[in-house]
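Peer 1: Below are the sequence and a predicted model for it; my questions follow.
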Amino acid sequence: MSIPEEIRDRDAYQEGLDLADQIGNFANDMRCPDGDRHKGFIDGLQRQHLTLQQNIMKMIMKVIFTFAEPRYTDLRNAATVELAKKIKEHVEDDCYLPTI
């Protein structure tokens, strides 16, 4: 996989790819289909410093906006794409999250 030209810090880009793999593997655990396994992750995010919570939300919104315009789609991610499109439509013009 080539690194996009706008990504100058290759270490940070690789760190992001590694984190995406970790989150994907964590989300792929089929032992807890009701989501209880994710409670620790959610609680951990909620315990982050308030500025970090703001930065995390910025990142989550970027993920949602990216999911709204997928490279590939089929029945496995169709509901995600549709939900992301709805969220993007409602908040895209009012999604300013300052770093304070």
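Peer 2: All right, it came through fine. Numbering: from 1, shown residues only.

Peer 1: alpha carbons only for contacts and neighbour counts from here, please
Peer 2: OK.

Peer 1: pLDDT score for D34?
Peer 2: pLDDT, D34: 65.

Peer 1: meant to ask about K58, not that
Peer 2: 95.

Peer 1: Could you check how far it is from I64?
Peer 2: Look at K58 and I64: by Cα to Cα, to the nearest Å, they are 10 Å apart.

Peer 1: Please apply the same query to G40.
Peer 2: 22 Å.

Peer 1: residues making contact with stretch 15-35?
Peer 2: H38 (Cα atoms under 8 Å, 6 or more residues apart in numbering).

Peer 1: Now name the helix or strand holding the closest residue to I100 other than its chain neighbours.
Peer 2: Spatial nearest neighbour of I100, chain neighbours left out: T51 (6.8 Å); criterion: Cα to Cα, 6 or more residues apart in numbering. For T51, the host element (DSSP states H and E) is helix 50-67.

Peer 1: what's the neighbour count on Q54?
Peer 2: 16 (other Cα atoms under 10 Å).

Peer 1: That should have said A12, apologies.
Peer 2: Residues near A12, counting by other Cα under 10 Å: 11.

Peer 1: which is the next helix or strand following the helix or strand hosting it?
Peer 2: Using DSSP H and E, A12 maps to helix 10-27. Next in sequence after helix 10-27, counting helices and strands by DSSP H and E, comes helix 39-46.
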